[in-house]
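>>> show me the folded form of this:
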Amino acid sequence: MITLKTRAQIEQMAQAGRILAACHRAIAKRIRPGVTTWEIDQFVERFLARHGAVPEQKGYQGYPYATCASVNDVICHGFPSKEPLQEGDIVTIDMVVNFGGWLADSAWSYPVGAISRKARQLLNVTKAALYAGIEQALPGKRIGDISHAVQTYAESRGCGVVRQFTGHGIGQKIHEDPYVPHFGPPGRGVRLKEGMVITVEPMLTAGSYDVRIDDDGWTARTADGSLAAQYEHTIAITRDGPLILTAQ
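Numbers count the residues shown, from 1 in each chain. The predicted structure follows:
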């Protein structure tokens, strides 16, 4: 069931989003060769605690960390690691912030030092595909319009669009209805209404969109070993257009 949020509730989610965005800005200054994603995870724990917030995904369905940290061919749900990041890596840090019982969710992909032209292209296309989808997040449109915009942009630039993981509604729970695929035809799916809050979070690859899951049951990788990237915002549907609650 889709729960529409009031303006006051959206503002509470925006408060969580502002903390999350500030955390990502701080992370961006710390990503460099030699840093570990475990250190980043510990930093996020401390940052959120200082701001009176909680990492919502820690403990969610048994997940043990405050962040997901996905390096190179890892699409999503990677465990933070004590393995140092290397020059040329790309890493996605994904987190859900709980502030006062209301949530915001955002992932961001970062270059580690100097990266290849191919990796830079993947990051650029993934971020642009996110915003192409957000442009369709208008009252009266349908979920499929977001999906189609992401897929069309990404595939026209040679990237694979992961099918197995989607965006979703969000509020006081991480995953609410509706779910938001990043592929498919326009004009289909749930009609968007003012007060809906969703995530748009395309996961793109430099090769096939096929996925394999590690033995830990969480870590999702590209089946062909190609690079993967993800950018995600939490969006409120308003009469004035999409409101990005996690804007950096």
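>>> residue 184 - how many residues pack around it?
18 (other Cβ atoms under 10 Å). In this view, the C-beta of every residue, glycine as well, is placed from N, C-alpha and C.
>>> how about it, nearest residue that isn't a chain neighbour?
Counting by Cβ to Cβ, 6 or more residues apart in numbering, residue 147 is the residue found nearest to residue 184 once chain neighbours are left out, at 4.3 Å.
>>> now do the phi/psi pair for the one you found.
phi -60, psi -50 (degrees, to the nearest 10).
>>> try residue 161
Dihedral angles for residue 161 - degrees, to the nearest 10 - are phi -110, psi 110.
>>> give me the helices and strands touching the top helix by length along the chain, please.
Of all segments of type helix in the chain, defined using DSSP state H, the longest is helix 7-28. Here helix 7-28 touches helix 37-50, strand 90-99, strand 102-111, strand 233-238, strand 241-244, going by 3 or more Cβ pairs under 8 Å, 6 or more residues apart in numbering; DSSP states H and E.
>>> so which bits of it are buried?
9-10, 12-21, 23-24, 27 (16 or more other Cβ atoms under 10 Å).
>>> from residue 206, how far off is residue 160?
Distance, residue 160 to residue 206, by Cβ to Cβ, to the nearest Å: 8 Å.
>>> what's the overlap in contacts for the two?
Counting by Cβ atoms under 8 Å, 6 or more residues apart in numbering, the shared contacts of residue 160 and residue 206 are residue 226.
>>> residue 150 against residue 180, yeah?
No: counting by Cβ atoms under 8 Å, residue 180 is not a contact partner of residue 150; they are 9.2 Å apart.
>>> can you pick out the residue with more neighbours from the two?
Neighbour count, other Cβ under 10 Å: between residue 150 and residue 180, residue 150 has more, with 30 against 23.
>>> give me the element the more buried one is part of.
helix 143-156 (DSSP states H and E).
>>> what does that helix contact?
125-126, 128-130, 132-137, 160-161, 167, 178-190, 192, 200, 202, 204.
>>> residue 187 - that's part of a helix, no?
No: counting by DSSP: H, G, I helix; E, B strand; the rest coil, residue 187 is not found in a helix; it is coil.
>>> give me the neighbour count for the spatially closest residue to residue 1 that is not a sequence neighbour.
Taking Cβ to Cβ, 6+ apart, and ignoring the residues beside it in sequence, residue 1 has residue 177 as its nearest neighbour in space, at 6.0 Å. A count of nearby residues for residue 177, using other Cβ under 10 Å, gives 12.
>>> assign a three-state SS to the nearest residue to residue 6 once chain neighbours are set aside, would you?
Counting by Cβ to Cβ, 6+ apart, residue 195 is the residue found nearest to residue 6 once chain neighbours are left out, at 7.1 Å. Using three-state DSSP, the structure places residue 195 in coil.
>>> which pLDDT value belongs to residue 195?
Looking at residue 195, its pLDDT reads 98.
>>> isn't it up against residue 5?
Yes: using Cβ under 8 Å, residue 195 is in contact with residue 5, at 5.1 Å.
>>> and those two? Which one has more around it.
residue 5 (21 against 18).
>>> contacts only, for the residue nearest to residue 227 when sequence neighbours are not counted.
Among residues not flanking residue 227 along the chain, residue 206 sits closest, at 4.5 Å (Cβ to Cβ, 6+ apart). By Cβ under 8 Å, 6+ apart, the contact list for residue 206 reads 118-119, 122, 159-160, 226-228.
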